[in-house]
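1. give me the fold of what follows.
(chains A and B, ligands or ions: 5)
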Amino acid sequence: MDVPKPRILTRRWGLAGSHTLAVAEEHGGYASLRKALSMAPADITALVKASGLRGRGGAGFPTGLKWSFVPNAEKRAGKPVYLICNADESEPGTFKDRYCIWNDPHMLIEGCVIAAHAIGAKAAYIYLRGEFKYVKDRLDDALKEARAKGYVGKNIMGSGVDVDVWTHQGAGAYICGEETALLSSIEGHRGQPKLKPPFPAVEGAWHSPTIVNNVETLQVVPWLIEHGPDAYRAIGTEKASGTKLFSCSGNIKKPGVYELPLGYPMMELLNDECGGLLDGHTLKAVIPGGSSVPIMTPQEVAKATMDYESINEVAGSYLGSGGFIVMDERADLVDVLANLLRFYAHESCGQCTPCREGTGWMFSILDRLKSGDCTEDDIRILRDVANNIHSRTICFFGASAAMPVQSFLKKFPEEFFGRAGVSVPDDWRPAASAK
Amino acid sequence: MPTVKINGIEVEVPAGTNMIEAAAKIGIEIPHYCYHPHLTVAGNCRMCLCDVEAGGRGPDIACNMQARDGLAIRTDTPRVKQMRKSVMEFLLKNHPLDCPICDQSGECRLQDYYMDYGQYESRLADPKVTKHKRQDIGDHLVLDAERCVACSRCVRFGDQITGTGELRLFNRTDHTEIGIFPGVRIDHDYQGNLADICPVGAITSKDFRFQKRVWYLTDTDSICTACATGCDIKVCHERNQVFRIKPRRNDAVNQSWMCDHGRMIWQDLTSLGRLLQARVEGQVGNTDAAMQTAVETLQGAEPGTVGVVLGTQASNEANWALWRLAKDALKGASVFWCQGNDPGAWDRVDDLLIDADKNPNTEGVRALTRHDASIGDGADLAHAVREGNLKTLLVLQDDVLGRLGDAADGVAVLYIGTHRNGTVDKAAVVLPAAHTVEQDATYTNRRGQVQRVRRAVHPAGDSRPAWQLLDRLGASLGKAPGASTAAIAFKKLSAQVPAFADMTYRALGTQGLPLVAPQPEAQTDQASQEHHEPAK
Ligand SMILES: Cc1cc2nc3c(=O)[nH]c(=O)nc-3n(C[C@H](O)[C@H](O)[C@H](O)COP(=O)(O)O)c2cc1C
Ligand code: SF4
Ligand code: SF4
Ligand code: SF4
Ligand code: FES
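-> Numbering: from 1, shown residues only, chains lettered A, B, ... in the order given. Ligands and ions are numbered 1, 2, ... in the order given. Below you'll find the predicted structure:
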């Protein structure tokens, strides 16, 4: 498509030594920090609000609004505020944050310091997934540079603002990407989600107000300071401003991470950026936002654009974290779904009843179905179990495990009933949309 | 106070009250496993899911929804019914269904809720996850991890109540398993509570293991008399035999807990030192004859040489009867009280429940002494005995001779009590008294809470409630205190002693009432006296 494709997050990617302070500074790094430090915290939050930036971790919650939930100093009664950067990135199909940090760690550090200043935090923690040891090492090196230069630590650039930034390595649990489980983990407890309310912005890490933001979300912030909210709003759609990183994988010619304005046509992402399907193959399905979101049919893909609203309207699915998984006609969806459920049945934290017992149940039915050892009733039970998990659990993991099952069964029932050796029952389709 | 709506019914509750408690107030039961009124909210079982009509988004869990104006929930919709059914199905997905050999059977929330919300048609085709069974985790506890519903009550108890943190949920997904840290054993004094709060048969009591099917048991509300705390209990018995004691909720006394020592007080009923028959000069005999000897001894005593000793081990009614006896039938008898017995073998004390004072009624006796300034204390008694002023002592369950030693040689002791001690061996007459589990009476705990014990089993042997023995003694001496029943004795006590003013058995109910304090600030918060359904 002929829309401009501004590079906000990837603007320094590809430069030799883009991960070093010298290269970052040479290309505008930390200029925004200097500017932000002279701004009142509330003005930064207002700016972010005005930009329309929405969280890139999956839920798409307006970032500035979230920041404004931090209670004021009087209500906090002496409690500190924390900023936590969520770099757990464990959702299958999502692999953008690791590149963000790997290619431009200073953009994240700068974003963290500005965000911490905006919400009144003196400490920011970057929580990295256990497997990202190599990424953490590079980030730690960058932090060392930034600290030496006085961009992190006490009295940053003589502004009187103190913000320290620390990295923390998780142990490799998907659930620790869920923000409240992340909090439990960083506090030193078993990585289990906590009940909401209270919400982290009011009572988070160590019972203190805590803002959790995704890597990509925080990396947008320096650009916003430099260019202002209107420039950001000029990109993307009305309700989804700016650009987004898409992690593209599956049966495509050019898998990788692409930065595109929100609202970009899905077919063009597939055919142009990703180079199209492998030769001689046809499109079967797309999972547009990471493994947890409902699957889309080719007809839906043709109609949708890459933004929160369109994907939901067209396909009842979500943009999620932007993990774009493409499957051609060779994909055995029973196998694909069983594989996904193997993951969820392994990663459920086991805390609440429906998810603890239901994910394993769904997997064992699918595992049987793979070899055809399954009846029509089993498939009905499978759908029931998914419906009985969705919206009834402590955290959104339950729904994340249920949605693939619900959507695969609704949109591709022939594959499942066919494997059980029966045709799709007449009553199946209307009821499947019950959820 | 905010008003919330539950199934269309408005109810006003204190701010912060959750919807399980609010619903209970208007008689609507919201089923739950993980919620416990004296532990933090975990919200993991999902059994309490309700529909939210207004003031929130549903479905949501009742245990984590706090009362606020405008909140309206429903527990009676088809969806709520379906949600409960589904949670039950999930809970049973990997449950072993050991009911025929499970001690919890009959008081198991899986069973109970299944009757109400069950699916009644199994859809489970896959093999169950197996876990560790029959684990010895403490002197009083057995753990069966397969039966666990992962409600985390026991974990929270260890973290929040005893602070010992031995239990954890290990692993994840449907392999989540309750267990104890390697090399650790639960050895605190509150183990039994873990078996109580476990809503299923995962943690069961070793002491009660395979003793009795619970549906044969009758529960009698009472209190524990093993120390001055007076924890509320229920005595579970069948055919005149006690099988176990469990705590009963009383937020003014013991929340929902009790210690392991108190749990076993019923063993005293039949313990070796139990006095089952009367004795005269060490010879076992019948109560009438011993009573006659006691009457003759008291009548034959020279005026001014008789003393009575109140007992902090005995009930308010017995102490009152003895006090009246001294005043009315034994005119001129001096009255004494002594500060407690030796704690004896059981010397544990802590900040939670176990009090250093092992006497259940010290405050009740103190209330009498505050009313009647002529009552002497232990020093006065020792002095009087040393001076030779006292020749006959009528003693209510207090080891007077153990304390006075040789100084009391030559004093004729008439003793009323439940168990053998140093005084019993030297007493001229011994009348066997009923144990707290065997009688109706009241005791006043360390905070001045007056609470009832109720007769659960018949008094063993010839023993009778001490107030009854004293009433009979008074009658034979010409003036009975008038304790024909415990309730009547208490009524008279409350009429005569202002600290007990206006109290009746009915008013004491299941939770008791605080002593009427002379100074207003000592009054306990009335709100905490509200009746609650006992938490399991
Ligand atoms: C099961 C689960 C896993 C999640 N994993 C991640 C993750 O790996 N990274 C992330 O940024 N957010 C993840 N989230 C979303 C976070 O809970 C949270 O919404 C997000 O970090 C907020 O940041 P944002 O507002 O910048 O998007 C996950 C959520 C769920 C329910
Ligand atoms: S939904 Fe699953 S992952 Fe989330 S708290 Fe419940 S059991 Fe844990
Ligand atoms: S815990 Fe309950 S359901 Fe399970 S075996 Fe015991 S009695 Fe039966
Ligand atoms: S052992 Fe009992 S109390 Fe502990 S988590 Fe399991 S079911 Fe709950
Ligand atoms: S009682 Fe509410 S979730 Fe368990």
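2. could you report the neighbour count for residue 312?
-> Just so you know, I chose chain A. Burial measure for A:Asn312: 15 neighbouring residues, criterion other C-beta atoms under 10 Å in any protein chain shown. In this view, the C-beta of every residue, glycine as well, is placed from N, C-alpha and C.
3. the chain in question should be chain B.
-> If we define neighbours as other C-beta under 10 Å, then B:Thr312 has 26 of them.
4. for the residue nearest the centre of chain A, helix, strand, or coil?
-> Against the mean C-alpha coordinate of chain A, by C-alpha atoms, centre = their mean, the closest residue is A:Gly57 at 2.8 Å. Counting by DSSP: H, G, I helix; E, B strand; the rest coil, the backbone at A:Gly57 sits in coil.
5. can you pull the pLDDT of it?
-> A:Gly57 carries a pLDDT value of 96.
6. surely it meets A:Thr217?
-> Yes: the pair A:Gly57 / A:Thr217 is scored as a contact, 6.7 Å apart, by C-beta atoms under 8 Å.
7. for the stretch 401-536 of chain B, which spans come out with low pLDDT?
-> Counting by pLDDT under 70, the stretch 401-536 of chain B shows low-confidence ranges at B:519-536.
8. once you drop chain neighbours, what's closest to A:Leu382?
-> Spatial nearest neighbour of A:Leu382, excluding adjacent residues (C-beta to C-beta, 6 or more residues apart in numbering or on different chains): A:Ile365 at 4.8 Å.
9. wait, does the stretch of helix or strand that neighbour belongs to contact ligand 2?
-> Secondary-structure assignment from DSSP states H and E places A:Ile365 in helix A:353-370. Yes: remark: helix A:353-370 sits within contact range of ligand 2 at A:Cys355, A:Arg356, by C-beta under 6 Å from any ligand atom.
10. just the buried residues of that helix, please?
-> Neighbour-count burial for helix A:353-370 flags A:353-369 (criterion: 16 or more other C-beta atoms under 10 Å in any protein chain shown).
11. contacts only, for the closest residue to B:His140 other than its chain neighbours.
-> Excluding the flanking residues, the one nearest B:His140 by C-beta to C-beta, 6+ apart is B:Gln191, at 4.2 Å. For B:Gln191, the contacting residues are B:Gly138, B:Asp139, B:His140, B:Leu141, B:Asp260, by C-beta atoms under 8 Å, 6 or more residues apart in numbering or on different chains.
12. those: which ones sit near ligand 1?
-> Among the contacts of B:Gln191, no residue lies close to ligand 1 (C-beta under 6 Å from any ligand atom).
13. from the residues you listed, which ones fall inside helices?
-> The helices, defined by DSSP state H, take in B:Asp260 from these.
14. what is the nearest of the contacts of B:Gln191 to A:Gly316?
-> Among the contacts of B:Gln191, B:Leu141 lies closest to A:Gly316 (C-beta to C-beta), at 49.9 Å.
15. that closest one touches B:Ile186, doesn't it?
-> Yes: using C-beta under 8 Å, B:Leu141 is in contact with B:Ile186, at 6.1 Å.
16. now for the helix holding A:Ile365, which elements pack on it?
-> Packing partners of helix A:353-370 (3 or more C-beta pairs under 8 Å, 6 or more residues apart in numbering or on different chains; DSSP states H and E): helix A:333-347, helix A:376-389, helix A:397-411, helix A:413-419, helix B:78-93.
17. report the angle between the axes of that helix and helix A:376-389?
-> 150 degrees (axes from the mean of the first three to the mean of the last three C-alpha atoms, to 10 degrees).
18. excluding its backbone neighbours, what's nearest B:Trp215?
-> The nearest residue in space to B:Trp215 (C-beta to C-beta, 6+ apart) is B:Gly106, at 4.4 Å.
19. SS state for the one you found?
-> Secondary structure assignment for B:Gly106 (three-state DSSP): coil.
20. what does A:Phe324 give?
-> A:Phe324 ends up strand, using three-state DSSP.
21. now the strands: where do they sit in the stretch 251-400 of chain B?
-> B:278-280, B:283-285, B:306-310, B:334-337, B:392-396 (DSSP state E, counting those that start in this stretch).
22. got a markdown table for those, with distance to B:Pro360 and mean pLDDT too?
-> Below are those laid out as a markdown table (distance: least, C-beta to C-beta, whole Å; pLDDT from 0 to 100):
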| stretch | distance to B:Pro360 | mean pLDDT |
| --- | --- | --- |
| strand B:278-280 | 24 | 97 |
| strand B:283-285 | 28 | 94 |
| strand B:306-310 | 13 | 97 |
| strand B:334-337 | 14 | 96 |
| strand B:392-396 | 13 | 96 |
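23. could you dump the ones you listed to a markdown table with distance to ligand 1?
-> Output for the strands of the stretch 251-400 of chain B, formatted as a markdown table (distance: least, C-beta to the nearest ligand atom, whole Å):
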| stretch | distance to ligand 1 |
| --- | --- |
| strand B:278-280 | 74 |
| strand B:283-285 | 75 |
| strand B:306-310 | 66 |
| strand B:334-337 | 65 |
| strand B:392-396 | 67 |
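24. ok, back up a step: how close does the residue nearest to A:Leu382 get to B:Arg472?
-> As judged by C-beta to C-beta, to the nearest Å, A:Ile365 and B:Arg472 stand 75 Å apart.
25. quick revisit: of all the helices and strands packed on helix A:353-370, which one comes closest to ligand 1?
-> Evaluated with C-beta to the nearest ligand atom, those place helix A:397-411 nearest to ligand 1, the distance being 4.0 Å.
26. could you give the angle of that closest one to helix A:333-347?
-> Put simply, helix A:397-411 runs at 170 degrees to helix A:333-347, going by the same axes, to 10 degrees.
27. return the list of helices and strands in contact with helix A:397-411.
-> Helix A:397-411 is packed against helix A:333-347, helix A:353-370, helix A:376-389, helix A:413-419, helix A:428-432, with contacts defined by 3+ C-beta pairs under 8 Å, 6+ apart.
28. in JSON lines, list those along with mean pLDDT and distance to A:Thr45.
-> Formatted as JSON lines, the helices and strands packed on helix A:397-411 follow (pLDDT from 0 to 100; distance: least, C-beta to C-beta, whole Å):
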{"stretch": "helix A:333-347", "mean pLDDT": "98", "distance to A:Thr45": "34"}
{"stretch": "helix A:353-370", "mean pLDDT": "97", "distance to A:Thr45": "35"}
{"stretch": "helix A:376-389", "mean pLDDT": "97", "distance to A:Thr45": "36"}
{"stretch": "helix A:413-419", "mean pLDDT": "96", "distance to A:Thr45": "47"}
{"stretch": "helix A:428-432", "mean pLDDT": "67", "distance to A:Thr45": "43"}
